[in-house]
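>>> What follows is a predicted protein model with its sequence.
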Amino acid sequence: SGEVALSGPLTFTADTAPLVYAGRKYRGKLRVIVVGSKLRLVNSVGLESYLYGVVPCESPHDWPAEALKAQAVVARTYALASIKSSSNFDVYPDTRSQVYFGISNEYPKSTKAVKDTSGEAVYYDGEIAQTFFFSTSGGRTAAIRDAWPKAKREPYLISVNDPYDNTSPYHNWGPVTVSSLTLAKRLSVS
């Protein structure tokens, strides 16, 4: 039948053209790993090349150069803080970590921001900082324990006013009207 059984993990490396999966192009290598009864596809790529595919997903590629540079630095720092030696991968390609679409979503302005900040990262007290970021704050950021109650407290992950958030198209979250009965049910309070 022409079928050949292969034992995993399998690694696919691009020759002259990028690797393609589900219509998207990727740099580096694609590894197929067996996890239970399922297959997991992992894109193994260098940090800077990874950021070329992250920055335009996390900030509009036509934003000002300095905004894109800031995004490149926090995205690089987030990735560095997420390195796990005990796992088959470090970050998810979606909002669980940072959105990453590979080459298919790269833009020259975003790539330039990554190159212009090459190697720059955020440190606190000599350690790589946790640089969580979001699309909008509604005018005030959340402290780490507001988002993740069991997270380690960091003195730099505190709630602060965000006076620049009003430039976001999602800044105004709008009022929400909820009856006291509905609120009690949602909070499991009687």
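Happy to help now that I have it. Numbers count the residues shown, from 1 in each chain.

>>> May I ask which helix or strand encompasses the residue nearest to Phe133 when sequence neighbours are not counted?
On the basis of CB to CB, 6 or more residues apart in numbering, the spatially nearest residue to Phe133 that is not a chain neighbour turns out to be Val74, at 5.4 Å. The way it works is simple: take the backbone N, C-alpha and C, and place the C-beta from them, glycine included. With elements taken from DSSP states H and E, the one containing Val74 is helix 65-81.

>>> After that helix, which helix or strand is next? Please name it.
Next along the chain after helix 65-81, taking DSSP H and E as the criterion, comes helix 108-116.

>>> Now for Tyr164: which residues touch it?
When contacts are counted by CB atoms under 8 Å, 6 or more residues apart in numbering, Tyr164 is found next to no other residue.

>>> got a pLDDT number for the residue most central in space within the chain?
Compute the mean C-alpha point of the chain, and by CA atoms, centre = their mean the closest residue is Gln98, 0.8 Å away. pLDDT recorded at Gln98 is 94.

>>> Tell me how many other residues crowd the residue nearest to Ala121 when sequence neighbours are not counted.
Using CB to CB, 6+ apart and skipping residues adjacent in sequence, the residue nearest Ala121 is Thr77, 4.4 Å away. Counted with other CB atoms under 10 Å, the burial measure for Thr77 works out to 19 neighbours.

>>> just the one 3 residues further on next, same as before
Counted with other CB under 10 Å, the burial measure for Leu80 works out to 16 neighbours.

>>> so what's the nearest residue to it once chain neighbours are set aside bridging to?
The spatial neighbour of Leu80 that comes closest, neighbours along the chain excluded (CB to CB, 6+ apart), is Ile128 at 5.0 Å. According to DSSP bridges, the partner residues bridging Ile128 are Tyr123.

>>> Now do the same contact list for Ile128.
Neighbour list for Ile128: 77, 80-81, 121-122 [criterion: CB under 8 Å, 6+ apart].

>>> Would you quantify the distance from it to Ile83?
Distance from Ile128 to Ile83, counting by CB to CB, to the nearest Å: 9 Å.

>>> And Pro18, by the same measure?
Applying CB to CB, the value for Pro18 to Ile83 is 24 Å.
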